[in-house]
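# Attaching a predicted model along with its sequence, questions to come.
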Amino acid sequence: MLTAFRITAILEGISYLLLFALTMPLKYWADMTEPNKVVGYAHGFLFIAYVVIAIVFVRERKWGLRRTAILLIASLLPFGTFYADKKYLKPLDHSS
């Protein structure tokens, strides 16, 4: 579960940054809507997957509300999932 969550967190973070840094400027400045649509759908799927896996993961680990909130809020912030991975998930990988 940890590996799946870490991969999803990284992919969600990448899709979020691609959406804002690449495809939205293409949509509004170059009138290219297709990349935004494709990356937007991918990001939406990854966002939902991240939230679902986060909830399952924190229940499995019996983590409290604070860590749960941090992991969920991280999905809303640029670079947030990278922070969550480094601060909360990567150390677990080394301790297993």
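Nice, thanks for sending it over. Computed from a predicted model, the values in this text were never measured in an experiment.

# so F5 is in which element?
Assigning secondary structure by DSSP states H and E places F5 in helix 2-18.

# cool, and P25?
Following DSSP H and E, the helix or strand that holds P25 is helix 24-29.

# residues in contact with that helix?
The contact list for helix 24-29 (CB atoms under 8 Å, 6 or more residues apart in numbering) reads M32, T33, P35, N36. In this view, the C-beta of every residue, glycine as well, is placed from N, C-alpha and C.

# helices and strands of the chain: which one bottoms out on pLDDT?
Within the chain, judged by mean pLDDT, DSSP states H and E, the helix or strand with the poorest mean is helix 90-95; its value is a mean of 77.

# chain center to that helix: distance?
Centroid displacement of helix 90-95 relative to its chain, using CA atoms, centre = their mean, to the nearest Å, is 18 Å.

# ok, and for that helix, which residues are buried?
Along helix 90-95, not one residue counts as buried under the neighbour rule (16 or more other CB atoms under 10 Å).
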